[in-house]
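[1] next one to model:
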Amino acid sequence: MLREAILMTAIVGLASSGLAQTPQPFPRPGTQPAAPTRPAPPAPPVVPAQAAVQADPNSPTEVTLGFPIYPTAQFIASYDAGRGQRYYIFGATVAFADLVAYYRAQLKEKGNQVFDVPLTHMFEVGRFREESMAFPPGVTIKDWTGGGSQGYPNPKPDAQPARFPSIIMIVPAPPAATNPR
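    Here you go, the predicted structure:
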């Protein structure tokens, strides 16, 4: 818990220093000071129309996971995380930033960028109970194109796309645990 608080303090400190205003030079005689420009507000996340991807009959649904699934994401696999939990891996062909914006809007959570290389953003939703959970419930997004990588290889033979630029990992709460928000 202390480590998480220190990490959060460091992240907030770095973010606030990056938002500081850049000092401007003094105006010279005979020149008009330029009006400060404001960056355009970010566009709301655009969810593309459902792609014509064959649905995997074994893929989990939003109802079974308790989390939204990006509309064009393809189910790759699920793994036993221990303590009655599973985590579910989905491949996405959209950019990392678009996925982060989508999940921010859907989960109504800011989340945290936990790694710069490769870019990794986590949304921890719900309460982590160490005695009954292996992972905190939430969504993790990872950019697989960083460092010159071509993306995460699609494990399904001859499937399209051959590689996914981004991966989504969803960890629901174990069935016995409640997920209070």
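[2] extract the CA atoms of stretch 145-154 and return them as CSV.
    Taking C-alpha atoms only, stretch 145-154 is exported to CSV below (Å, rounded to 0.1, in the frame of the first residue of the first chain):
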residue,chain,number,x,y,z
THR,A,145,4.3,-1.4,-31.3
GLY,A,146,6.8,0.3,-29.1
GLY,A,147,10.5,-0.1,-29.7
GLY,A,148,10.0,-1.0,-33.3
SER,A,149,7.9,-4.1,-32.7
GLN,A,150,5.4,-5.0,-35.4
GLY,A,151,2.8,-5.9,-32.7
TYR,A,152,1.5,-8.9,-30.8
PRO,A,153,1.4,-12.0,-33.0
ASN,A,154,-2.1,-13.4,-33.6
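[3] which parts of that stretch are buried?
    145, 151, 152, 154 (16 or more other Cβ atoms under 10 Å). Just so you know, the C-beta spots here come from the backbone N, C-alpha and C atoms, and that holds for glycine as well.
[4] farthest pair within those?
    With distances taken as Cβ to Cβ, the most widely separated pair in the buried residues of stretch 145-154 is 145 and 154, at 14.3 Å.
[5] hmm, back to that, the buried residues of stretch 145-154 into a markdown table, with extra columns for secondary structure and pLDDT?
    What follows is the buried residues of stretch 145-154, written out as a markdown table (DSSP: H, G, I helix; E, B strand; the rest coil; pLDDT from 0 to 100):
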| residue | secondary structure | pLDDT |
| --- | --- | --- |
| 145 | coil | 93 |
| 151 | coil | 93 |
| 152 | strand | 94 |
| 154 | coil | 94 |
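[6] looking at these, which one is closest to residue 58?
    Nearest to residue 58 among the buried residues of stretch 145-154, with distances taken as Cβ to Cβ, is residue 154, at 16.0 Å.
[7] excluding sequence neighbours, find me the nearest residue to that closest one.
    Nearest non-adjacent residue to residue 154, counting by Cβ to Cβ, 6 or more residues apart in numbering: residue 162, 5.7 Å away.
[8] I figured that neighbour hits residue 152, correct?
    No. With contact defined as Cβ atoms under 8 Å, residue 162 and residue 152 do not form a contacting pair (10.2 Å).
[9] can you give me the strands in the chain?
    Taking DSSP state E, the strands of the chain run over residues 74-82, 85-92, 112-115, 120-124, 138-143, 152-153, 163-164, 166-171.
[10] need these in a markdown table (columns: distance to residue 100).
    A markdown table is the format used below for the strands of the chain (distance: least, Cβ to Cβ, whole Å):
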| stretch | distance to residue 100 |
| --- | --- |
| strand 74-82 | 19 |
| strand 85-92 | 11 |
| strand 112-115 | 8 |
| strand 120-124 | 5 |
| strand 138-143 | 6 |
| strand 152-153 | 17 |
| strand 163-164 | 16 |
| strand 166-171 | 9 |
